[in-house]
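Asker: Sequence first, predicted coordinates after that:
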Amino acid sequence: MSLIELSAYQLTQQIKNKKSSCREIVDEFLERIDDVEERVKAFVTVLPEEARRRADLLDKRLQSGEDIGPLGGVPVAVKDLLCTRGLRTTCSSRMLENFVAPYDAHVVERLAADGAITIGKANMDEFAMGSSTENSAFFPTRNPWDLGRVPGGSSGGSTAAVAALEAPLALGSDTGGSIRQPAAYCGCVGMKPTYGLVSRYGLIAFASSLDQIGPVTNDVRDAALLLQTIAGHDRRDTTSINRPLPDYLSALTGDIKGLRVGVPREFFAQGVEGYVSDAVRKAIDKLCELGAEAVEVSMPTTEYALATYYIIAPSEASSNLARYDGVQYGLRRHEPGDDIIAMLSKTRAAGFGHEVQHRILIGTHALSSGFYDAYYSKAQKVRTLIRRDFEKAFEQCDVLATPTAPTVAFELGAKTDDPFAMKLADVCTIPVNMAGLPAISLPCGLHDGLPIGLQLIGNLLDESTILRAAHAYEQATEWHKQRAELTKK
Amino acid sequence: MRLTPPEVDHIALLARLDLSPAERERAGAELSQILDHFEQLKELDTEGVEPTSHVLPVVNVLRHDEARPGLSREAALSNAPEQAGGMFQVPRVVEAE
């Protein structure tokens, strides 16, 4: 078996047992990137020199008997909205095309402290706005399972890199499903932790009350491993939760006897294809075979989550993206004699792509004088109702099982002319962000050779239970062992 | 709900986006379409419901008023599109008399 086929956990064992050096591992992944990146286009920036230099350094530390950390020597792809000091951090936007971050994001510091090696910056929908990675200002990323299809988004570069074995681990960010939906489309494991579990310091903000950073991996054990590294309190993010972390790896006991699995019927409506419902219901049957117990639950506010999201997220985005003014960093456009408003308006029109401008306009309108109560305030109240649905459901069950996305990956260009059709791709994931809950997507089937995702949603800060359930399911099935062929179907 | 061209102009000005006439047209149509979707929320009774701005019960996280190292001036200016004399340069904001 070649090194690129090993999980991150196996790679750390390989290094610990002195079967491979960090340099050998990095070289194999860089070679893989050389071979397949032209087809997949997962990275905005590949970092061969930096990665090799860091691998050599780690190997030296190993030779002198040092412990290089729980992720020692493992390459990671980092979504290009996480700041990396001294390296370009673009958000896949013309606005930040030449932005060199002056500091590291908290999670990037944590990766380095635990011995991981950043191998590249992953492509994404511009400013994380989109569900297909087609909104990247640079190029679309391809789905490794069918190069004619999208990888999902917005963390499509992260999931494509992991599915194509260009990196064993990746970081993504999830505002309305941006880790879980592309993980489902690419046959990966993708996890959105509880809001506040992972510090957002150094994450380029989209919608601050919803954004959360999380792992993208090829199996559940690796997701637990990576979560352990990135979770934990950071005083630089005032929404960061300050309490002791559980040991996520030790949650993977394989035992789910008596686990109550809630099945919310509303998540199986809303345009969910029959083949998706069938695969997810089969997965629930499998969980029951393993000792879990299925409970039907109802969450009537679910159908309002999409409209609520499309008020709250653009409103917060319009405020967050006001910082791109052509003054401190980023693109600047002006002509002699322009006043400050002309400079701002030309800069922003030239620097932002269509979808980003569209969402800024929605948010600006929703927050503007006279409309605030009808839109933003109303949406925040509906958000409370959505949370109550979840609270009620968790009185009856320990985890919720739903589809991650209503379909398998769609073809490139299929939905770019129909923005609302694109947004429906997130209909099963958005409610989770509204309630700040943790959720994981993992592969549970194939349709026409394309992966289907199972979403397990947990109660607040109960990552351990969804990891345990996901791991038990994975141990009893073979879906996570299937690999993409990197061809066009 | 159909937004009028002056309404679209107003939103674009507030958002500081310099849109071409064709972009204004498209923005008006797309915004009107999404506002129609928002109408759905009127079906829900939210009388007396508290808004959720954040899911965590975390309020007023304070820290001691102590200086910490920050970015150097050089680092802070390193991405500036235009700078002069160690400062960010912007077009004239206050009109000369």
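Answerer: Ah, there it is. Remember, predicted model here, so these are calculated numbers, not experimental data. Residues are numbered from 1 along each chain as shown, chains lettered A, B, ... in the order given.
Asker: OK, contacts around residue A:167?
Answerer: A:29, A:75-77, A:119-120, A:161 (CB atoms under 8 Å, 6 or more residues apart in numbering or on different chains). Where you see a C-beta, it was placed from the backbone N, CA and C, and this is true even at glycine.
Asker: can you give me how far stretch A:175-188 is from the chain middle?
Answerer: Between the centre of stretch A:175-188 and the centre of its chain there are 6 Å (CA atoms, centre = their mean, to the nearest Å).
Asker: what's the answer for stretch A:351-370, then?
Answerer: 24 Å.
Asker: Which secondary structure element is home to residue A:310?
Answerer: Per DSSP states H and E: residue A:310 is located in helix A:305-320.
Asker: anything in that helix near chain B?
Answerer: Yes: Helix A:305-320 is in contact with chain B by CB under 8 Å from any CB of the partner chain, via A:306-308, A:310-311, A:318.
Asker: Sort out which residues of that helix are buried, please.
Answerer: Residues of helix A:305-320 classed as buried: A:305-320 (neighbour count, 16 or more other CB atoms under 10 Å in any protein chain shown).
Asker: Same check on stretch A:39-56?
Answerer: A:40-47, A:50-52, A:54-55.
Asker: and which of the residues you listed is nearest chain B?
Answerer: residue A:45 (16.2 Å; CB to the nearest CB).
Asker: For burial, what's the neighbour tally of residue A:414?
Answerer: The number of residues packed near residue A:414 is 16, by other CB atoms under 10 Å in any protein chain shown.
Asker: Output stretch A:151-164 in PDB, but only the C-alpha positions, please.
Answerer: Below are the C-alpha coordinates for stretch A:151-164, written out as PDB (Å, rounded to 0.1, in the frame of the first residue of the first chain):
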ATOM      1  CA  PRO A 151     -17.200  18.900  -5.600                       C
ATOM      2  CA  GLY A 152     -19.800  20.900  -3.600                       C
ATOM      3  CA  GLY A 153     -18.900  23.900  -1.600                       C
ATOM      4  CA  SER A 154     -17.900  26.100  -0.300                       C
ATOM      5  CA  SER A 155     -15.100  23.900   1.100                       C
ATOM      6  CA  GLY A 156     -14.900  22.000  -2.200                       C
ATOM      7  CA  GLY A 157     -11.100  22.400  -2.500                       C
ATOM      8  CA  SER A 158     -10.600  20.800   0.900                       C
ATOM      9  CA  THR A 159     -12.900  17.800   0.200                       C
ATOM     10  CA  ALA A 160     -11.600  17.300  -3.300                       C
ATOM     11  CA  ALA A 161      -8.000  17.300  -2.100                       C
ATOM     12  CA  VAL A 162      -8.900  14.600   0.600                       C
ATOM     13  CA  ALA A 163     -11.000  12.500  -1.900                       C
ATOM     14  CA  ALA A 164      -8.200  12.600  -4.500                       C
END
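Asker: average model confidence for it?
Answerer: Per-residue pLDDT values across stretch A:151-164 average out to 98.
Asker: And that stretch, how far out from the chain middle?
Answerer: With CA atoms, centre = their mean, you get 9 Å for stretch A:151-164.
Asker: Next: stretch A:218-232.
Answerer: On CA atoms, centre = their mean, the centre of stretch A:218-232 falls 13 Å from that of its chain.
Asker: Just the local confidence number for the closest residue to chain B within the stretch 151-300 of chain A, please.
Answerer: Using CB to the nearest CB, the closest approach of the stretch 151-300 of chain A to chain B is made by residue A:238 at 4.0 Å. We have a pLDDT of 92 for residue A:238.
Asker: How about it: what's its closest non-neighbour residue?
Answerer: Of all residues not flanking residue A:238 in the chain, residue B:61 sits nearest, at 4.0 Å (CB to CB, 6 or more residues apart in numbering or on different chains).
Asker: same question, residue A:197
Answerer: residue A:231 (5.0 Å).
Asker: now swap in residue B:39 and tell me
Answerer: Per CB to CB, 6+ apart, closest to residue B:39 is residue B:1, 7.4 Å.
Asker: wait, doesn't the one you found sit right on residue B:34?
Answerer: No: under the criterion of CB atoms under 8 Å, residue B:1 is not in contact with residue B:34, lying 9.9 Å apart.
Asker: More neighbours: which of the two?
Answerer: Using other CB under 10 Å as the criterion, residue B:1 and residue B:34 rank with residue B:34 on top: 22 against 10.
Asker: Pretty sure that one sits in a helix.
Answerer: Yes: counting by DSSP: H, G, I helix; E, B strand; the rest coil, residue B:34 falls inside a helix.
Asker: shouldn't residue A:176 be in contact with residue A:429?
Answerer: Yes: with contact defined as CB under 8 Å, residue A:176 counts as touching residue A:429 (6.2 Å).
Asker: any idea how far residue B:84 is from the most centrally placed residue in chain B?
Answerer: Centroid-nearest residue in chain B, with CA atoms, centre = their mean: residue B:15, separated by 6.5 Å. Distance from residue B:15 to residue B:84, counting by CB to CB, to the nearest Å: 29 Å.
Asker: any idea whether residue A:467 is helix, strand or coil?
Answerer: With three-state DSSP as the criterion, residue A:467 reads helix.
Asker: Check residue A:392 too.
Answerer: From three-state DSSP, the assignment for residue A:392 is helix.
Asker: That one and chain B, how far apart?
Answerer: 15 Å (CB to the nearest CB, to the nearest Å).
Asker: And for that residue, the neighbour number?
Answerer: If we define neighbours as other CB under 10 Å, then residue A:392 has 13 of them.
Asker: Equivalent analysis for residue A:66, please.
Answerer: 12.
Asker: if I pick it, what's in contact with it?
Answerer: Residue A:66 touches nothing, counting by CB under 8 Å, 6+ apart.
Asker: That one should be in a strand, yeah?
Answerer: No: if the criterion is three-state DSSP, then residue A:66 is coil and not within a strand.
Asker: Now do the same for it: its pLDDT.
Answerer: Looking at residue A:66, the pLDDT reads 96.
Asker: Relative to residue A:60, how far out is it?
Answerer: The value you get for residue A:66 to residue A:60, if CB to CB is used, is 9 Å.
Asker: now do residue A:367
Answerer: For residue A:367 relative to residue A:60 (CB to CB), the value is 53 Å.
Asker: Ok, residue B:71 next?
Answerer: Residue B:71 is 31 Å from residue A:60, by CB to CB.
Asker: and if you look at residue B:33?
Answerer: 59 Å.
Asker: Residue A:20 too?
Answerer: Residue A:20 is 15 Å from residue A:60, by CB to CB.
Asker: who's more crowded, those two?
Answerer: residue A:20 (16 against 12).
Asker: Any regions of chain B where pLDDT drops low?
Answerer: Scanning chain B with the threshold set as pLDDT under 70 gives B:96-97.
Asker: One more pass at 90, please.
Answerer: B:1-2, B:53-64, B:68-70, B:91-97 (pLDDT under 90).
Asker: got the residue ranges for the helices in it?
Answerer: Taking DSSP state H to define them, one finds helices in chain B at B:5-15, B:21-38, B:73-77.
Asker: which of the residues in the second one are buried?
Answerer: For helix B:21-38, the buried set under the neighbour-count rule, 16+ other CB under 10 Å, comprises B:23-24, B:27-28, B:30-31, B:34-35, B:38.
Asker: So of the residues you listed, which two are at opposite extremes in space?
Answerer: Distance extremes for these: the farthest pair is B:23 and B:38 at 21.9 Å, using CB to CB.
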